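Trainee: quick one, structure for this:
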Amino acid sequence: MPPPPQAPWPDAPRPDARRPDDPRPGDVRQPAALPGRLAAALRRVLRAPARTRERRAEPSLRLASDLENCRQQRDRWRRNADSYERELSRVRLERVHLLAWLAALHPSSAVLTDGGTGADGVRALSLRAGERGLSWPLAPAELPLFAHVPYAEHAASAPLGEADQAAHIREHIRLLAIEGILSAPPAERPPPARPARSGDRH
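Mentor: Numbers count the residues shown, from 1 in each chain. Take a look at the predicted model:
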């Protein structure tokens, strides 16, 4: 007679039995939280390469910023230099026109002489004003405006120095202004206003 079947032990797990905390197929379980010290150490380890990359990138970024600032300053100074050059060209052109006009006002004494600098083509405009000799250097490109002025080897009067010439020009202008005021006819005075009477209509 065969022995009766034995019942399974109550505490023995069955092959297909699962514990409540076992993951099911398709479930995504969150990793268990790490202890505080271990988590802090792990964060420090992970942050170290990032900080190293930041330190390495800082000099490059600083150099790039300095280079961009230098380029901006260079462009700004270049624009200023171009503006000054245009203004200087305008002032030189106005100066040479005024000198050509001044030479036309003094045809008896205005002459072109050697500039005295030794450079080829450089001339000087010389004339007399107030019994003194005045002189201004002229570049070769400015000479076409002085075609009406004759050439002479030497000026009639020795030119003054730069400071003495400027002082003489100021004094000569003052004397000419006084002479013009004294020689001008007196201005006509308007007729005196007739006093209004009570019977006049306005």
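Trainee: the strands in this structure, which residues?
Mentor: 111-114, 123-129, 132-138 (DSSP state E).
Trainee: of these, which is nearest I181?
Mentor: The closest approach between I181 and any of these, judged by C-beta to C-beta, belongs to strand 123-129 at 19.1 Å. The way it works is simple: take the backbone N, C-alpha and C, and place the C-beta from them, glycine included.
Trainee: among the strands of the chain, which is the most enclosed?
Mentor: Compared across these, strand 123-129 shows the largest average neighbour count, a mean of 21 (mean count of other C-beta atoms under 10 Å).
Trainee: ok, back up a step: any idea which of the strands of the chain gets closest to A184?
Mentor: strand 123-129 (21.2 Å).
Trainee: okay, the strands of the chain in CSV with mean pLDDT next?
Mentor: Below are these laid out as CSV (pLDDT from 0 to 100):
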stretch, mean pLDDT
strand 111-114, 88
strand 123-129, 89
strand 132-138, 90
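Trainee: in CSV, list these along with distance to A147.
Mentor: Putting the strands of the chain into CSV (distance: least, C-beta to C-beta, whole Å) gives the following:
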stretch, distance to A147
strand 111-114, 10
strand 123-129, 12
strand 132-138, 12
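Trainee: other SSEs contacting the helix or strand of the chain with the lowest mean pLDDT?
Mentor: One helix or strand of the chain scores below all others by mean pLDDT, DSSP states H and E: helix 36-105, with a mean of 81. Other elements packing on helix 36-105 under the criterion 3 or more C-beta pairs under 8 Å, 6 or more residues apart in numbering; DSSP states H and E are strand 123-129, strand 132-138.
Trainee: rerun that using 7 Å as the cut-off
Mentor: Counting contacts by 3 or more C-beta pairs under 7 Å, 6 or more residues apart in numbering; DSSP states H and E, helix 36-105 packs against strand 123-129.
Trainee: give me the contacts around the strand it packs on.
Mentor: 99, 103, 106, 109-116, 133-138, 143, 146, 149, 155-157, 159, 172 (C-beta atoms under 7 Å, 6 or more residues apart in numbering).
Trainee: pull it out as CSV, backbone CA atoms only.
Mentor: What follows is strand 123-129, C-alpha atoms only, in CSV (Å, rounded to 0.1, in the frame of the first residue of the first chain):
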residue,chain,number,x,y,z
ARG,A,123,58.2,126.5,-51.3
ALA,A,124,57.4,129.4,-48.9
LEU,A,125,55.0,132.2,-49.4
SER,A,126,56.6,135.5,-48.4
LEU,A,127,55.1,138.9,-48.2
ARG,A,128,55.3,142.2,-46.2
ALA,A,129,52.7,143.4,-43.8
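Trainee: now do that strand against helix 36-105, angle only.
Mentor: With axes from the mean of the first three to the mean of the last three C-alpha atoms, to 10 degrees applied, the angle from strand 123-129 to helix 36-105 works out at 60 degrees.
Trainee: partner strands of strand 123-129, with direction?
Mentor: strand 111-114 (antiparallel), strand 132-138 (antiparallel) (DSSP bridges).
Trainee: on that earlier part again, so which of the strands of the chain comes closest to L88?
Mentor: strand 132-138 (15.6 Å).
Trainee: nothing else from me, thank you.
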